[in-house]
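>>> got a sequence here, can you model it:
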Amino acid sequence: MKQWLFSSMLAFASPALADPPAASPETYVQVWIGAVDTKNDSWKATEVQSGSDVVGDLGTLPYGGGDGQLMWGGGAWQIGYEGGGLASWKNETTHFRGVSSGGTAVQVEFRNQFFLFGVFMGGVVSVRPAPWLRLYAAGGPSLTWAWIEDDDNDNNTSQSSSTIDTHGSLNDGSFTAYGRAGIDFITSDGFMFGASVRYANDKFDFGNAGELKLDSPLYLLTLGARI
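The predicted structure is shown next:
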């Protein structure tokens, strides 16, 4: 998926650079809603009592966000840049599982809150093969911050007194590259609706609470307008 997104950007860029820039840019504004399915071993931690490695996940994370694009180009092809933000929040019980050195199954569960907020800015290449259709690809740097907070200081367990050190609020940041590709359908009055897919390899180190890796595609529905 990651290779496909960035390959799309390169494929779009070659013919676009040959078009002379328009005198004034066009502005596109979008709002997003979407979700990402985290991998079942995306959160890795160490169980306090046995020292065993355990893995868990956050299930499906809902996302919201939006961006603005400033685009130049006199023909079907346009180039420009975008900037925006995105956020996610979830409150649930996370289940960790693993095997101790003695072969005993280790299961830990605790109720927690997760919050994520990120900002990004990158280049954009787009093409409009028809007046009502727009395809685009974007990519650049992304800065994302994530928080976890334990809602149950006892860290209730399903089979034992196993615990993970997640007491209180913990946070970490991730600075990485992102890629996004999408499609817009444009009405005669400039209203847009479509879909896009975004990829970023975000990693968060929560210290004793373990490491969280979010590297699955984020699928988005988009609404917007051409200004």
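
>>> what segments of this structure are strands?
Applying DSSP state E to the chain gives strands spanning 26-37, 43-46, 53-56, 60-72, 77-99, 105-130, 133-150, 169-186, 191-200, 202-205, 211-214, 218-226.

>>> got CSV for these, with mean neighbour count and mean pLDDT too?
Where C-beta positions appear, they are placed from N, C-alpha and C, glycine not excepted. What follows is the strands of the chain, written out as CSV (neighbours: other CB atoms under 10 Å; pLDDT from 0 to 100):
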stretch, mean neighbour count, mean pLDDT
strand 26-37, 18, 97
strand 43-46, 20, 81
strand 53-56, 20, 80
strand 60-72, 18, 96
strand 77-99, 17, 86
strand 105-130, 18, 86
strand 133-150, 20, 95
strand 169-186, 18, 96
strand 191-200, 19, 98
strand 202-205, 18, 96
strand 211-214, 19, 93
strand 218-226, 18, 97
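
>>> bridging residues for the nearest residue to residue 138 once chain neighbours are set aside?
Excluding its sequence neighbours, the residue lying closest to residue 138 (CB to CB, 6 or more residues apart in numbering) is residue 124, at 4.3 Å. Beta-bridge pairing for residue 124 (DSSP bridges): residue 80, residue 138.

>>> from residue 203, how far out is residue 124?
Using CB to CB, to the nearest Å, we find residue 124 at a distance of 26 Å from residue 203.

>>> so what's residue 65 up against?
Under the criterion of CB atoms under 8 Å, 6 or more residues apart in numbering, the contact list for residue 65 reads 31, 32, 84, 85, 86, 87.

>>> got it, and residue 171?
By CB under 8 Å, 6+ apart, residue 171 lies in contact with 145, 146, 147, 148, 206.

>>> run the last query once more with 10 Å
Residue 171 makes contacts with 115, 116, 145, 146, 147, 148, 149, 204, 206, 207, as judged by CB atoms under 10 Å, 6 or more residues apart in numbering.

>>> and of the contacts of residue 65, the nearest to residue 224?
When the contacts of residue 65 are compared for distance to residue 224 (CB to CB), residue 31 wins out at 6.6 Å.

>>> what bridges to that closest one?
With DSSP bridges applied, the residues forming beta bridges to residue 31 are residue 66, residue 223.

>>> which residue sits closest to residue 123, ignoring its sequence neighbours?
Distance criterion CB to CB, 6+ apart; nearest residue to residue 123, sequence neighbours excluded, is residue 81 at 5.5 Å.

>>> any idea how far the one you found lies from residue 134?
Here the distance between residue 81 and residue 134 works out to 16 Å (CB to CB).

>>> how close does the closest residue to residue 28 other than its chain neighbours get to residue 84?
Nearest non-adjacent residue to residue 28, counting by CB to CB, 6+ apart: residue 69, 4.3 Å away. Noted for residue 69: a distance of 9 Å to residue 84, by CB to CB.
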